[in-house]
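Q: Starting from these lines, generate the structure:
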Amino acid sequence: MKAEERGLEDHGQKESMGSQEEAKVHFGYKLVALSEKKRLVSLHFDKVAPKYDFMNTLLSMGAHILWKRTAIEALRLKPGDRVLDMCAGTGDMALLALKKVGPSGLVLLYDMNLAMMQRARRKLLSTKDPKAVGMILGDAEQQGIKQDVFDASIVAFGIRNLTNMEQGFREMFRVLKPGGTMLCLEFSNPVTPWFKKLYDFYSFHVMPALGKLLAGSRQAYTYLPESIRVFPGPEELAQLLTSIGFQGVRYRRLTDGIAVIHVGKKPR
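A: Predicted structure coming up:
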């Protein structure tokens, strides 16, 4: 879906409501004030954190595990590499990256939600290389990290939750070393028409019902498909990444396009 069709101003999911009113952004299908979205997203993850991993596996029928493994393989990480995991959530991507970079490397998790980070911490402390892990609780759009530090910056299923997605990508670009690799794994929409209809029914009827039954929140699992539908398609996102300065941007659809991996390089 193009930005114009969604009624958006630009890639950052912003919409101006006039000079006298605060600009608004999408929270699912709702338009909310810029200053309100972070609070709503934080409340959302406070609500879903206790059963986040269980629900991810159930709702994706285990596919998210394969998608994440495929994404990490695409990075071609080496022992000793430094990796930033932005919007790290419960740490699945960090765990996979840690296996690649080993004890001589570093994986830094960056997320604004304490409940999600606490779950990530428990997972990472149980690994054999916990000293190769760092964690920062903070705003991904204003990272307290020096520039040109990381060999790779990754974000998986988190960028669409930012208030200003473009600013999040700019931060990923800033902290990368010249020649470093950015990877974004995010939901999108199937390309095969009959499969898209099936996916839409599952997303807007089955997922919210299971969310209410098993996680106690229909609303939280209605936000998920809505936020995916207002997210830019692969071509549009690739254009945004190129405009930020990433070179060689390419993408790969997974499971008919339910998820998409974007990769780009910071110029040397």
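Q: and residue 264, that's in a helix?
A: No: judged by DSSP: H, G, I helix; E, B strand; the rest coil, residue 264 forms no part of a helix; its state is strand.
Q: Distance check, it against residue 253.
A: Applying C-beta to C-beta, to the nearest Å, the value for residue 264 to residue 253 is 16 Å. For glycine as for every other residue, the C-beta is placed from the backbone atoms N, C-alpha and C.
Q: likewise residue 233?
A: Separation of residue 233 from residue 253 (C-beta to C-beta): 10 Å.
Q: Touching both of the two, which residues are there?
A: Taking C-beta atoms under 8 Å, 6 or more residues apart in numbering as the contact rule, residue 233 and residue 253 both touch residue 188.
Q: which one of residue 264 and residue 253 has more residues nearby?
A: Counted by other C-beta atoms under 10 Å, residue 264 and residue 253 do not tie: residue 264 has more neighbours, with 24 against 15.
Q: Now do the same contact list for the closest residue to that one other than its chain neighbours.
A: The shortest distance from residue 264 to any non-neighbouring residue, by C-beta to C-beta, 6 or more residues apart in numbering, is to residue 246 (3.0 Å). By C-beta under 8 Å, 6+ apart, the contact set of residue 246 is 173, 182, 264-266.
Q: Most neighbours among the residues you listed, which one?
A: Highest count within these by other C-beta under 10 Å belongs to residue 182, 26 neighbours.
Q: Got the confidence number for that residue?
A: pLDDT for residue 182: 98.
Q: Same check on residue 35?
A: If you check residue 35, the pLDDT there is 84.
Q: and if you look at the one 5 residues further on?
A: At residue 40, the predicted lDDT confidence score is 94.
Q: in what helix or strand does it lie?
A: Residue 40 belongs to helix 34-48 when elements are defined using DSSP states H and E.
Q: which other helices and strands contact that helix?
A: strand 24-27, helix 114-125, helix 220-229 (3 or more C-beta pairs under 8 Å, 6 or more residues apart in numbering; DSSP states H and E).
Q: so after it, what's the next helix or strand?
A: helix 52-59.
Q: How far does stretch 257-268 stretch from one end to the other?
A: End-to-end distance of stretch 257-268 (C-alpha to C-alpha, to the nearest Å): 31 Å.
Q: and that stretch, which residues are buried?
A: Residues 257-266 are the ones in stretch 257-268 that count as buried (16 or more other C-beta atoms under 10 Å).
Q: Now that stretch: average pLDDT?
A: Rounded mean pLDDT across stretch 257-268 is 97.
Q: what sits against residue 150?
A: Residue 150 neighbours (C-beta under 8 Å, 6+ apart): 82-84, 108, 175-177, 180.
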